[in-house]
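> quick one, fold the following:
(4 chains)
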There are 2 protein chains.
Amino acid sequence: MAAKGGSPETGVIRMRDVARAAQVSTMTVSRALKDPAKVSPEVLQRVSAAVQAIGYVPNKLAGSLSSSRSNVIGLIVPTIENSLFASTIQGIADVLRRHDHQLMITDCGYSAEAEEVAIRAFLAQRVAGLILHDTTHTPAAVAMIRRSGVPVVENGTLTPRPLDMVVSYSNHDAARAMTAHLLRLGYRRIGFVSLPLAANERSRDRRRGYLAAIEEAGLPADPRLVLEMPPGLASGAEALLRLVEGGGDPDAIFFAGDVLAIGAVLECARRGWPVPGKVAIAAFDNFDLLGHLVPPVTTLKLPRLEIGRRSAEMLLDRIAGRSGTAVAIDLRFEIIHREST
Amino acid sequence: MAAKGGSPETGVIRMRDVARAAQVSTMTVSRALKDPAKVSPEVLQRVSAAVQAIGYVPNKLAGSLSSSRSNVIGLIVPTIENSLFASTIQGIADVLRRHDHQLMITDCGYSAEAEEVAIRAFLAQRVAGLILHDTTHTPAAVAMIRRSGVPVVENGTLTPRPLDMVVSYSNHDAARAMTAHLLRLGYRRIGFVSLPLAANERSRDRRRGYLAAIEEAGLPADPRLVLEMPPGLASGAEALLRLVEGGGDPDAIFFAGDVLAIGAVLECARRGWPVPGKVAIAAFDNFDLLGHLVPPVTTLKLPRLEIGRRSAEMLLDRIAGRSGTAVAIDLRFEIIHREST
DNA sequence: GTCACCAATGGTATCGATACCATAGTCACT
DNA sequence: AGTGACTATGGTATCGATACCATTGGTGAC
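Numbers count the residues shown, from 1 in each chain, chains lettered A, B, ... in the order given. This next block holds a predicted model:
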């Protein structure tokens, strides 16, 4: 161990030092710090003074090991560099900070194998809970989580068979609702662009929702109107061109992913195509920007921040033993109708 | 302690269990896991098999406590919900993942007091290193960090008196360079909009840079051309209107913060004002979007991702004792000239 | 006055791993 | 053969805190 051969005066301050300074036992210091009501006011005062005076910072590693209780929550997102997830992360962080918990975060790049590695690492850190954005996991990951007994919240989509708890909205219903909205507005040849479906349950849900609405309207599903594209602005622009010039003759396009819609609207502006005159455009997420574009873009408002908050709250409730039996929370969505459709 | 009164068979698997299964001591298991070269191939094989068979997940809490070495890095940013920081976080996460370290993150909302609280919490977790975006800290925070001996990287701006290490670019020089660029293009009445200066060294640096360039050009500093605005698209639009209609008669405006420039360009589009015909517009950060707007916007390309990477690398180097004496790294910036100016 | 009870405090074992040191066995070289 | 060097392994104290139980002194009820 480090201090074993260390110098006699390493400068490391332990609870014992506080105890000595306050003329009490370490137990009393421990109590004074974590349950002040159990200590007499006079002693509490002495302990606080000692902590202040010598600048004591408790060692949570030791505390957690001893109590087998940790105050760290692990979060795994597909990618950190994406403002959508950033909102959710912010929501989580807000709640955790208020409850004196810490957030450990990593990304797995849409890979279940990478997620498994991350989960193992988090369990090794003895996190008190896990928040997973993805809803597909390797069998090994599932087994590990089960064995560990650590509570989990998934929040990518309202998955039918959750690992434990779910907080999300229904990607399927949201896509269906937006498609139905476009149909209601009179559009009949509605294009649909999503991110790649492989290994992304959310994209698949969205496409199923789109197809469901089309079918419910008694319209044929035209493969020339459906596209899968990588994320990005340029990608959205390209999708627009492909659909418009691809023979499908769309009167509206629903971009169900990331910033695709923004790229498309900007491409229209560049070409002088009127929106929705030439083609109507709808998006899937409530970026501020969508409301400021010319024209403002119809989109779905999703509860990103709230998903983060509720996920953290549910986890903390469960950890504290205040667990309702609620396992799935549907936070709904909302259609924001604007001039682009 | 948890297990003290716990059931005889809690299902918790310790290193001892692996040791028993592999017929070796815990020390040998420990070595097999962290320094395989030190055990014989045959024993290594037995240990690995045992780990697999019983599903052992090491307890890093115990490991870190014992070795007083942790594999967790703490990061404090002003706000998580901001794609600028997201890039830096991504860079950090990439490097840490590769080196089997974990990232703990929190935000302090541009408040040095909140930062102090966060630092204390991280030190309590015994993080191996800290990355701070802000460069202004409370005296108490500085004292704590010093006493703890934990290595620190700051990366908000190239601060002249760093706490320890710095990885950044010069906000001052970047703003000066962009202003000089506009001057070179022939603009003479250059407006400047920044985020609030209070408690934000970066904004102050940028304004000083702008003023330096104006002065170097022998032009007067016109207070009607300088504005402080909160972040946001709407804010950028408002700033545009205030400057254009405020009597300062700008021929170009340099928006040195966040998404202000985007808001302004979109406002121009909405009003049919030609850019740069009516007024030229320059931005401060390389959002993808800026290149896709109509017109594409001149901006500064900042090494956000790289800042994250290098910060993490410097920290890991220091932790591993491979510390160069380099304390400050200037990652430079680049002007991207586009049609908006 | 005695006894039960409660509040305040301390002693000590323990959480699960690692550092240090000791030991046994192997090999090369003189 | 003897010596030193080296490898592979194990024993045990320890990291810094907390859980459990014991102890003490005071308070109120009978």
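> can you classify the residue lying closest to A:Glu201 once chain neighbours are set aside by secondary structure?
Leaving aside its sequence neighbours, A:Glu201 sits nearest to A:Thr135 (C-beta to C-beta, 6 or more residues apart in numbering or on different chains; 5.2 Å). For glycine as for every other residue, the C-beta is placed from the backbone atoms N, C-alpha and C. Of the three states, A:Thr135 takes coil under DSSP: H, G, I helix; E, B strand; the rest coil.
> output stretch A:307-317 as PDB, nothing but the C-alphas.
Only the C-alpha atoms of stretch A:307-317 are listed here, as PDB (Å, rounded to 0.1, in the frame of the first residue of the first chain):
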ATOM      1  CA  ILE A 307     -36.000  12.000 -19.400                       C
ATOM      2  CA  GLY A 308     -32.700  12.700 -17.700                       C
ATOM      3  CA  ARG A 309     -34.400  14.100 -14.600                       C
ATOM      4  CA  ARG A 310     -36.800  11.300 -14.200                       C
ATOM      5  CA  SER A 311     -34.300   8.600 -14.900                       C
ATOM      6  CA  ALA A 312     -32.100  10.000 -12.100                       C
ATOM      7  CA  GLU A 313     -35.000  10.300  -9.700                       C
ATOM      8  CA  MET A 314     -36.200   6.800 -10.300                       C
ATOM      9  CA  LEU A 315     -32.800   5.500  -9.700                       C
ATOM     10  CA  LEU A 316     -32.300   7.400  -6.500                       C
ATOM     11  CA  ASP A 317     -35.800   6.300  -5.300                       C
END
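> what's in contact with it?
A:73, A:87-96, A:99, A:101, A:128-129, A:131, A:151, A:153, A:155, A:165, A:167-169, A:323-324, A:326, A:329, A:331 (C-beta atoms under 8 Å, 6 or more residues apart in numbering or on different chains).
> report the rounded mean pLDDT for it.
Mean pLDDT, computed over stretch A:307-317, is 96.
> got the buried residues for it?
Buried residues in stretch A:307-317, counted by 16 or more other C-beta atoms under 10 Å in any protein chain shown: A:Ile307, A:Gly308, A:Arg309, A:Arg310, A:Ser311, A:Ala312, A:Glu313, A:Met314, A:Leu315, A:Leu316.
> sorry, back to before: burial count for the residue nearest to A:Glu201?
By other C-beta atoms under 10 Å in any protein chain shown, the residues close to A:Thr135 number 21.
> and the contacts of stretch A:307-317, which of them are buried?
Buried among the contacts of stretch A:307-317 by 16+ other C-beta under 10 Å: A:73, A:87-96, A:101, A:128-129, A:131, A:151, A:153, A:155, A:165, A:167-169, A:329, A:331.
> just the ones of these in strands?
Among the buried ones among the contacts of stretch A:307-317, DSSP state E puts A:Ile73, A:Gly129, A:Ile131, A:Val153, A:Met165, A:Val167, A:Ser168, A:Ile329 in strands.
> now, among those, which is nearest to A:Thr79?
Checking these against A:Thr79 with C-beta to C-beta, the nearest one is A:Ile131 at 15.1 Å.
> which parts of chain A are helices?
Taking DSSP state H as the criterion, chain A carries its helices at A:15-22, A:26-34, A:41-54, A:60-67, A:83-98, A:112-124, A:139-148, A:171-184, A:201-216, A:233-244, A:260-271, A:288-292, A:304-319.
> residue closest to the middle of chain A?
The residue lying closest to the centre of chain A (C-alpha atoms, centre = their mean) is A:Thr88, at 4.4 Å.
> list the residues that contact that one.
A:Thr88 neighbours (C-beta under 8 Å, 6+ apart): A:Val77, A:His133, A:Asn155, A:Arg304, A:Leu305, A:Ile307, A:Gly308, A:Ser311.
> isn't the second one right next to A:Pro78, touching?
Yes: under the criterion of C-beta atoms under 8 Å, A:His133 makes contact with A:Pro78 at 6.0 Å.
> neighbour-wise, which of these two wins?
A:His133 (26 against 20).
> which phi and psi does the more buried one have?
Here is the backbone geometry of A:His133 (degrees, to the nearest 10): phi -80, psi -40.
> could you find the closest non-adjacent residue to A:Ala217?
Nearest one to A:Ala217, counting by C-beta to C-beta, 6+ apart, is A:Leu183 at 5.0 Å.
> just confirm that neighbour contacts A:Ala213, I think it does.
Yes: A:Leu183 is within contact range of A:Ala213, at 6.6 Å (criterion: C-beta under 8 Å).
> so, low pLDDT: which residues of chain A?
Scanning chain A for pLDDT under 70 picks out A:1-11, A:324-326.
> residues of it that sit close to DNA strand D?
A:1-4, A:12, A:14-16, A:26-27, A:30, A:33-34, A:58-59, A:62-63, A:65-67, A:69 (C-beta under 7 Å from any atom of the strand).
> of the residues you listed, just the buried ones, ChimeraX syntax please.
Buried residues within those, by 16+ other C-beta under 10 Å, are selected in ChimeraX with:
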select /A:15,30,33,58,59,62,63,65
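> isn't A:Thr135 up against A:Gly156?
Yes: the pair A:Thr135 / A:Gly156 is scored as a contact, 4.9 Å apart, by C-beta under 8 Å.
> on that earlier part again, give me the common contacts of A:His133 and A:Pro78.
Counting by C-beta under 8 Å, 6+ apart, the residues touching both A:His133 and A:Pro78 are A:Phe85.
> give the full set of residues in contact with the residue nearest to A:Ala217.
Contacts of A:Leu183 by C-beta under 8 Å, 6+ apart are A:Ile190, A:Ala213, A:Ile214, A:Ala217, A:Leu219.
> my guess is the third one contacts A:Arg188, does it?
The one in question is A:Ile214. No: counting by C-beta under 8 Å, A:Ile214 sits too far from A:Arg188 to count as a contact (9.8 Å).
> so the two - more neighbours on which side?
Legend: neighbour count by other C-beta under 10 Å for A:Ile214 and A:Arg188, higher for A:Ile214 (23 against 12).
> how much space between the closest residue to the more buried one other than its chain neighbours and A:Tyr187?
Once flanking residues are discounted, A:Ile214 sits nearest to A:Ala221: 5.6 Å by C-beta to C-beta, 6+ apart. Using C-beta to C-beta, to the nearest Å, one obtains 15 Å as the distance from A:Ala221 to A:Tyr187.
> which of the two has more neighbours?
Counted by other C-beta under 10 Å, A:Ala221 and A:Tyr187 do not tie: A:Tyr187 has more neighbours, with 21 against 11.
> phi first, then psi, for the more buried one.
Dihedral angles for A:Tyr187 - degrees, to the nearest 10 - are phi -70, psi 140.
> what residues are up against the nearest residue to it once chain neighbours are set aside?
Excluding its sequence neighbours, the residue lying closest to A:Tyr187 (C-beta to C-beta, 6+ apart) is A:Ala252, at 3.9 Å. Shown in contact with A:Ala252 (C-beta under 8 Å, 6+ apart): A:Leu182, A:Leu185, A:Tyr187, A:Arg189, A:Ile190, A:Gly191, A:Pro276, A:Val279, A:Ala280, A:Ile281, A:Ala282, A:Thr341.
> the same query, at a cut-off of 6 Å, please.
When contacts are counted by C-beta atoms under 6 Å, 6 or more residues apart in numbering or on different chains, A:Ala252 touches A:Leu182, A:Tyr187, A:Ile190, A:Ala280.
> of all those residues, which comes closest to A:Ala234?
Closest to A:Ala234, out of all of the contacts of A:Ala252 and judged by C-beta to C-beta, is A:Ala280, at 21.3 Å.
> quick check: bridge partners of the closest residue to the closest one other than its chain neighbours?
Once flanking residues are discounted, A:Ala280 sits nearest to A:Ala252: 3.7 Å by C-beta to C-beta, 6+ apart. Listed beta-bridge partners, A:Ala252: A:Ile190, A:Ala280 (assigned using DSSP bridges).
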